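Enquirer: Sequence plus the predicted model coming up.
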Amino acid sequence: MPIAFEQVSYSYSAPAKKKRRRKGDADSGGFDALVEPGAASVGADSASPCAIDTAKSDGADAPKPLWGNPAGKTWALCNITFTLEDGEFLGIAGHTGSGKSTLIQHMNGLIHPTSGRVLVDGVDIADKKAAAAARSNVGVVFQYPEHQLFAATVYDDVAFGPRNMGLAASEVDARVRESLAQVALDFDEIRDKSPFELSGGQQRRVAFAGVLAMRPTKLILDEPVAGLDPAARNDFLNLISDLHESGLTVVMVSHTMDDLARYCDRVLVLKEGSLFTLGTPAEVFSHASELRDIGLGVPSAQKLANDLREAGIHLNGELYDTQSLADALATLYRKRSSASPDALDVPNAQEEPRTADAPFASGIEGNEASCPK
Ligand SMILES: Nc1ncnc2c1ncn2[C@@H]1O[C@H](COP(=O)(O)OP(=O)(O)OP(=O)(O)O)[C@@H](O)[C@H]1O
């Protein structure tokens, strides 16, 4: 059940407006392009909706670039095209306000594109029924999910979703037990406790369990370890990794590049609402300076590996963590010292020339932005 974004743009000041279903419309679910009538400039140039907003230029002739909020800068997302594949672990990075939370809210139809489409399994989730189906398959865990706990007991909180689905009490019970086990909480010990007498980390696990009890096939996590201490962070990341290993597709928004490098199959980077780049962690993090220009770092071992390459130490273009970097340097040391005992005194940049980097932030099909630069 892949989720495909097709030229998705979103404006908080011109949210999608549902249109009446027309007979005979198939995969669009019967909806027109989702454009608010008031957003004249959007409709005026639907092929490049983010380029220019003359209607919001306060009457002045000069058009304003469009991105973000507040007024006059309208687009939170601009022309996003990519596909979330089944079973992958996708990381989402970007500076503050780049559109990460807005992007993930499109994945289960919580919000709909102002223009463009989101297809789940080929079906446009602008359609109400398709969005409802997507919602039962795609579990979203927002930042600080423990703030949304509300029931008198842990059991009732986790059971809320399954009960809402109209499931039989025995099925609800089975799901509560299973999902509490998935987040490593002891059912008998915790079931009758108030969520509010638990530690912050336990509360977050309960909130996670409530989403897992819906048995989603995809788990979308918005900064899932924000605010946790180092031990709890680690536990949580391992939990998320285990859920992925068990078959769930995972999307994780994070500001921590080490976490993205360690866990993700691919990383999508947003810049001012546009897709800046999308690739494996090795591909993305080999471009430290471009990332630095948009306010992002790279994992610390990778930064050192990039610096060493710049200094003429030949390292493969792979992704390094501390251990693998140490291993690679040790191998290089052994190789060179056995060839010539003096070879390591001065690194020789000419000896093994650095291969040219692949072009960066280009060639992402459908994302060549007609967007503001
Ligand atoms: N409810 C809203 N109404 C109007 N504008 C909004 C709303 N929510 C977000 N925005 C604007 O949309 C843009 C993208 O916001 P979003 O929250 O998606 O960014 P983000 O990358 O998740 O940020 P952060 O890293 O700070 O969580 C920002 O300019 C933000 O100010």
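Expert: Nice, thanks for sending it over.

Enquirer: now the strands for the stretch 151-300 of the chain?
Expert: Assigned strands in the stretch 151-300 of the chain, in chain order: 218-222, 249-253, 266-271, 274-279 (criterion: DSSP state E, counting those that start in this stretch).

Enquirer: which helices and strands does the last one pack with?
Expert: Using 3 or more Cβ pairs under 8 Å, 6 or more residues apart in numbering; DSSP states H and E as the contact criterion, the neighbours of strand 274-279 among helices and strands are strand 75-84, strand 266-271, helix 281-285. All C-beta spots, glycine's among them, are computed from the backbone N, C-alpha and C.

Enquirer: Mind checking the pLDDT average for that strand?
Expert: Average pLDDT, strand 274-279: 96.

Enquirer: strands paired with it, and their directions?
Expert: With DSSP bridges as the test, strand 274-279 is paired with strand 266-271 (antiparallel).

Enquirer: Touching the strand it pairs with from outside, list them.
Expert: Identification of contacts with strand 266-271 by Cβ atoms under 8 Å, 6 or more residues apart in numbering yields 82, 88-95, 98-100, 103, 260-261, 275-281, 284-285, 291, 294, 296.

Enquirer: Among those, which ones lie close to the ligand?
Expert: Intersecting those with the contacts of the ligand gives 94, 98-100 (criterion: Cβ under 6 Å from any ligand atom).

Enquirer: For those, give me CSV that also has neighbour count, pLDDT and secondary structure.
Expert: Formatted as CSV, the entries for those read as follows, by neighbours: other Cβ atoms under 10 Å; pLDDT from 0 to 100; DSSP: H, G, I helix; E, B strand; the rest coil:
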residue, neighbour count, pLDDT, secondary structure
94, 24, 96, strand
98, 25, 93, coil
99, 24, 94, coil
100, 23, 96, helix
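
Enquirer: Let me know whether residue 139 touches residue 219 as I believe.
Expert: Yes. Look at residue 139 against residue 219 with Cβ atoms under 8 Å: they come within range, at 5.2 Å.

Enquirer: Name the residues contacting each of the two.
Expert: Shared contacts of residue 139 and residue 219 (Cβ under 8 Å, 6+ apart): 211-212.

Enquirer: hey, where'd the helices end up in this protein?
Expert: Along the chain, the segments classed as helices by DSSP state H run 40-44, 100-105, 128-137, 154-164, 169-182, 187-190, 200-212, 230-245, 257-263, 281-285, 288-293, 300-310, 322-339.

Enquirer: Please pull out the lowest mean pLDDT helix or strand from this structure.
Expert: For the chain, the helix or strand with the lowest mean confidence is helix 40-44, at a mean of 30 (criterion: mean pLDDT, DSSP states H and E).

Enquirer: On the pLDDT front, check residue 334 for me.
Expert: The model's pLDDT for residue 334 equals 87.

Enquirer: Could you check how far it is from residue 328?
Expert: For residue 334, the distance to residue 328 equals 11 Å [Cβ to Cβ, to the nearest Å].

Enquirer: who in the stretch 101-250 of the chain is up against the ligand?
Expert: Along the stretch 101-250 of the chain, the residues adjacent to the ligand under the rule Cβ under 6 Å from any ligand atom are 101-102.

Enquirer: 8 Å instead, please
Expert: Contact residues (Cβ under 8 Å from any ligand atom) of the stretch 101-250 of the chain with the ligand: 101-103, 105, 143, 222-223.

Enquirer: Just the buried residues from those, in PyMOL please.
Expert: Applying 16 or more other Cβ atoms under 10 Å to those leaves a buried subset, and the PyMOL line that selects it is:
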select buried, resi 101+102+103+105+222+223
